[in-house]
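Novice: Quick one: sequence plus predicted model below, questions after.
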Amino acid sequence: MAPPDSQTAPPEFSWIVAVERIGTRWQSHAVTACEAERAALARRFALVELPALSAEVRLRRARAGRFVEIDGVLQARVVQNCVVTLDPVAAALDEPFTLLLGPIGRAAPAPATSDLIIDLDEPEPLDGDDIDIGELVAQLLSLALDPYPRTAGAADPRESAVADGAAAEPAVERPFAALLARRKPE
């Protein structure tokens, strides 16, 4: 699990677990981002503020020990800008997740380019001998964010323009309207 721009900057929130230390029994980790990590993640995801970020993460070896199964719950409090008014919008996130990484110790097989079937149960590739569950939590946070946060009562500008009549549709000229007018009544 490599963070974006991993060659230039370390991840903002890192919590490394060595794959060799993961057994077949569930191993639990409670991860909580400190104030500096939350501030860096808020900048990364263009948030007004990230007052809280934590996760309960469980890991174990699966499928004859060749893969790592991960599940848990992400909890966060976020403040984003409203897409209509730019006012702050606070939200609480409580997101369960499940992930399968692997295979361990060798590269994942390359997908067939002619195969158009996508298997959603296919594991995510595991790069290296460590799993950064902090970066995993950060990526899950980015997926859980509301892409169009709105303050209460903030309407879509397109909807309000139509309701006000300001964006009424122009009259459509029909190509055969003149012929229809000349038609004899039957």
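Specialist: Thanks, I have the structure now. Residues are numbered from 1 along each chain as shown.
Novice: Next one: residue 77 from residue 93, what distance?
Specialist: 8 Å (Cβ to Cβ, to the nearest Å). C-beta here means a position set from N, CA and C on the backbone, and glycine is covered the same way.
Novice: got it, and residue 101?
Specialist: 23 Å.
Novice: Of those two, which one has the most company?
Specialist: Using other Cβ atoms under 10 Å as the criterion, residue 101 and residue 93 rank with residue 101 on top: 21 against 17.
Novice: what bridges to that one?
Specialist: Beta bridges link residue 101 to residue 68, residue 124 when assigned by DSSP bridges.
Novice: State the mean pLDDT of stretch 67-74.
Specialist: Confidence for stretch 67-74, expressed as mean pLDDT, is 95.
Novice: Might you report the residue contacts of residue 18?
Specialist: Residue 18 makes contacts with 129-130, as judged by Cβ atoms under 8 Å, 6 or more residues apart in numbering.
Novice: go with 10 Å
Specialist: Residues in contact with residue 18, defined by Cβ atoms under 10 Å, 6 or more residues apart in numbering, are 128-131.
Novice: Which of these ranks first by neighbour count?
Specialist: Going by other Cβ under 10 Å, residue 131 tops these with 23 neighbours.
Novice: nearest residue to it other than its sequence neighbours?
Specialist: residue 17 (5.0 Å; Cβ to Cβ, 6 or more residues apart in numbering).
Novice: And the one you found, which helix or strand is it part of?
Specialist: In the assignment (DSSP states H and E), residue 17 maps to strand 16-18.
Novice: after that strand comes which helix or strand?
Specialist: Next along from strand 16-18, by DSSP H and E: strand 27-32.
Novice: May I have the strands that pair with that next one, each with its orientation?
Specialist: strand 49-62 (antiparallel).
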